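Student: Below are the sequence and a predicted model; questions follow.
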Amino acid sequence: MSVPLLQAHELTVRHPNPGGTVLAADRICLSLDPGDALVLLGESGSGKTTVARAVLGLPGRSARVTGRILFDGTDLLGLDERALSRIRGRRIGYVPQDPTASLDPLRRIGPQLTELLRRHGSADGRRAARAAVPGLLESVGVPDPDRVARSFPHELSGGLRQRAAIALAISCGPELLVADEPTTALDALVQAQVLELLARLRRERGIALLLVTHDLGVARRTGGRIAVMQDGRIVETGPAERLLSAPGHPFTAALVAAQPGARR
Ligand SMILES: Nc1ncnc2c1ncn2[C@@H]1O[C@H](COP(=O)(O)OP(=O)(O)OP(=O)(O)O)[C@@H](O)[C@H]1O
């Protein structure tokens, strides 16, 4: 059996709010092996993003976090910001719902990738970094990498922008990608293509995937394991196929009944 890449033990996150505190993640335990996929599935407000942000070491300034998040054996909650930022972006990549959150609107795609490749030491010198950009864009399925490298984010379609954001996220050769609703803003065809890209990155590069979604269809197509969240808790975990075809928890059963087409 392989050693888990990511493990959460009793992860609990409280957010302050005017009426007291919100228990956004309640004693979360999860485990993800290298190259595997884990989907956090749940309705809006169930705590999925809170867990994903805690794994990124970005729980929010005022959040109170307890428990442990072990990444390759190191407890991320015990690290200072400097140590965390060495892991985040280098060993853990982040794909947001809205790619404009990771792309700088005022810079062309190429220079953004060049800078990251240099900063993370994935390419030796500016010239090598620049030369690596088209291959990186090609590896995320960009059909015309030179044109895209010369483009500003707003000049690209939503699907190409998300591919560029994924290129940024994998530019440092991460072992884990955290993707928060990465296809929600895309139409159905592009959504399927982006999910296929994430699956290919797992297969070909062995990058593990922690994906947040409210959409059963996305969870099913991502494959791997699903953890169903309700009110800050994981109520059920299991292999995607089994969990969606034979839910063990009434809440999962209700979710499946509400989106019957997503079972197939
Ligand atoms: N920074 C914050 N301050 C106060 N409350 C917060 C904060 N972030 C999240 N919450 C609350 O924590 C709970 C869980 O939110 P979270 O965003 O993790 O859920 P989610 O399942 O990702 O939902 P969504 O899909 O809508 O983002 C919600 O009640 C939310 O209002």
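Tutor: Good, I have the coordinates. Residues are numbered from 1 along each chain as shown.
Student: can you confirm G238 is in a strand?
Tutor: Yes: remark: G238 belongs to a strand, assigned using DSSP: H, G, I helix; E, B strand; the rest coil.
Student: How many residues are close by it?
Tutor: Using other Cβ atoms under 10 Å, G238 has 17 other residues around it. Quick note: C-beta positions are derived from backbone N, CA and C, even for glycine.
Student: go on, R27?
Tutor: Neighbours around R27, by other Cβ under 10 Å: 15.
Student: secondary structure class for it?
Tutor: Applying three-state DSSP to R27 yields a three-state assignment of strand.
Student: pretty sure it contacts R14?
Tutor: No: between R27 and R14 no contact is recorded; they are 11.8 Å apart, counting by Cβ atoms under 8 Å.
Student: Can you give me the distance of R82 to D215?
Tutor: Computed as Cβ to Cβ, to the nearest Å, the R82 to D215 distance reads 36 Å.
Student: L116 now?
Tutor: In this view, L116 and D215 are 29 Å apart by Cβ to Cβ.
Student: before we move on, what about A240?
Tutor: From A240 to D215 the distance is 13 Å (Cβ to Cβ).
Student: Mind checking which of these two has more residues around it?
Tutor: Of the pair A240 and D215, A240 is the one with more neighbours under other Cβ under 10 Å, namely 20 against 17.
Student: Quick one: residues contacting the more buried one.
Tutor: V39, A219, R220, T222, G223, G224, R225, I226 (Cβ atoms under 8 Å, 6 or more residues apart in numbering).
Student: Out of these, which one has the weakest pLDDT?
Tutor: Ranked by pLDDT, the contacts of A240 bottom out at G223 (88).
Student: how about the residue lying closest to S151 once chain neighbours are set aside, phi and psi?
Tutor: Distances taken as Cβ to Cβ, 6 or more residues apart in numbering put I109 closest to S151, at 5.7 Å, once the chain neighbours are dropped. For I109, the backbone dihedrals (degrees, to the nearest 10) come out as phi -60, psi -40.
Student: Tell me how many other residues surround Q112.
Tutor: By the criterion of other Cβ under 10 Å, Q112 has 22 neighbours.
Student: Looks like it contacts L168 (just checking).
Tutor: Yes: with contacts defined as Cβ under 8 Å, Q112 counts as touching L168 at a distance of 6.7 Å.
Student: hey, what's in contact with both of the two?
Tutor: Each of L103 lies in contact with both Q112 and L168 under the rule Cβ under 8 Å, 6+ apart.
Student: quick one, domains of this protein?
Tutor: The chain breaks down into these structural domains: 6-91+177-263, 106-171 (assignment by automatic domain parsing).
Student: Who are the contact partners of V39?
Tutor: Taking Cβ under 8 Å, 6+ apart as the contact definition, V39 lies against L211, V212, T213, V218, A219, T222, G224, R225, I226, A227, A240.
Student: In terms of helices and strands, where is it?
Tutor: strand 37-42 (DSSP states H and E).
Student: which residues in the stretch 101-250 of the chain form helices?
Tutor: For the stretch 101-250 of the chain, the helices defined by DSSP state H, counting those that start in this stretch occupy 109-119, 125-139, 145-150, 158-170, 188-205, 216-222, 240-245, 250-258.
Student: which residues sit against the second one?
Tutor: Translated: helix 125-139. With contacts defined as Cβ under 8 Å, 6+ apart, helix 125-139 is touched by 109-110, 113-115, 117-118, 122-123, 145-146, 148-149, 163-164, 167, 170-171.
Student: Okay then, goodbye and thanks.
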